[in-house]
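Chemist: Dropping the sequence and predicted coords here.
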Amino acid sequence: MLKILNETFNINPLDSSYTLDIDKNRLATFSSISGGEIEMEVIKHNVVRESGEFQTLLIPGVTHFAPITLSNGYGNTKELYNWFVSASNGLTKAARKNVTISLNAHQKGKYEALVVWNLTNAMPIKIAGFEMDQTRPSNVARFSITLMAETIERVDP
């Protein structure tokens, strides 16, 4: 099993990237991702058995999804900025979108998605950067975006 995993995930970090698709339209590519922790609250329920024994039952509670930050990106900054403005102006219907984030790696001569996360009713909560470094040969403006979602679902293609 471990050998199969090692062969499957033998990727060169320089040949991989994260893509952001909104409503099935690719808007940006990023070199790093952070956040996205999924945490479940635990409800403790104390019971007394007929025998008089005390027991604490652990019951699954509300699930929380932490923000996801995609960094060092380039793409359609105008559409992403307008999406952020919709959210910041309280236009929640326009701001909530279904988003797909994919980890893509160059394998067998083409880029393939290795892991995909579907975010339901996601909205941007922060846009940062539009960083530009004149000393870099590519001279490409970079930015980051932080998203919140009601649910995060991992899909393995």
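Modeler: In hand now; what should we look at? Numbering: from 1, shown residues only.
Chemist: can you list the weak-confidence ranges in the protein?
Modeler: Along the chain, segments meeting pLDDT under 70 span 1-14, 130-141.
Chemist: Let's see that with 50 instead.
Modeler: Segments of the chain classed as low confidence (criterion: pLDDT under 50) are 1-6.
Chemist: Let me see the ranges of the helices in it.
Modeler: 2-8, 77-88, 92-95 (DSSP state H).
Chemist: list the helices and strands the shortest one packs on?
Modeler: For helix 92-95, the helices and strands in contact under the criterion 3 or more C-beta pairs under 8 Å, 6 or more residues apart in numbering; DSSP states H and E are helix 77-88, strand 110-131. The way it works is simple: take the backbone N, C-alpha and C, and place the C-beta from them, glycine included.
Chemist: Mean neighbour count added to those, as TSV?
Modeler: What follows is those, written out as TSV (neighbours: other C-beta atoms under 10 Å):
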stretch	mean neighbour count
helix 77-88	16
strand 110-131	16
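Chemist: Can I get those in TSV including distance to residue 61?
Modeler: Compiled in TSV, the helices and strands packed on helix 92-95 are given as follows (distance: least, C-beta to C-beta, whole Å):
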stretch	distance to residue 61
helix 77-88	27
strand 110-131	20
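Chemist: Could you measure from the residue most central in space within the chain over to residue 35?
Modeler: Most central residue of the chain, judged by C-alpha distance to the mean C-alpha position with C-alpha atoms, centre = their mean, is residue 68 at 4.7 Å. For residue 68, the distance to residue 35 under the criterion C-beta to C-beta, to the nearest Å works out to 5 Å.
Chemist: do the same with residue 116
Modeler: According to C-beta to C-beta, residue 116 stands 17 Å off from residue 35.
Chemist: same question, residue 18
Modeler: Using C-beta to C-beta, one gets 12 Å for the distance from residue 18 to residue 35.
Chemist: Compare those two (neighbour count), which wins?
Modeler: Each of residue 18 and residue 35 had its neighbours counted (other C-beta atoms under 10 Å), and the higher figure belongs to residue 18 (21 against 13).
Chemist: and that one, bridged to which residues?
Modeler: Per DSSP bridges, residues listed as beta-bridge partners of residue 18: residue 30, residue 103.
Chemist: Since that was my last question, I'll sign off now.
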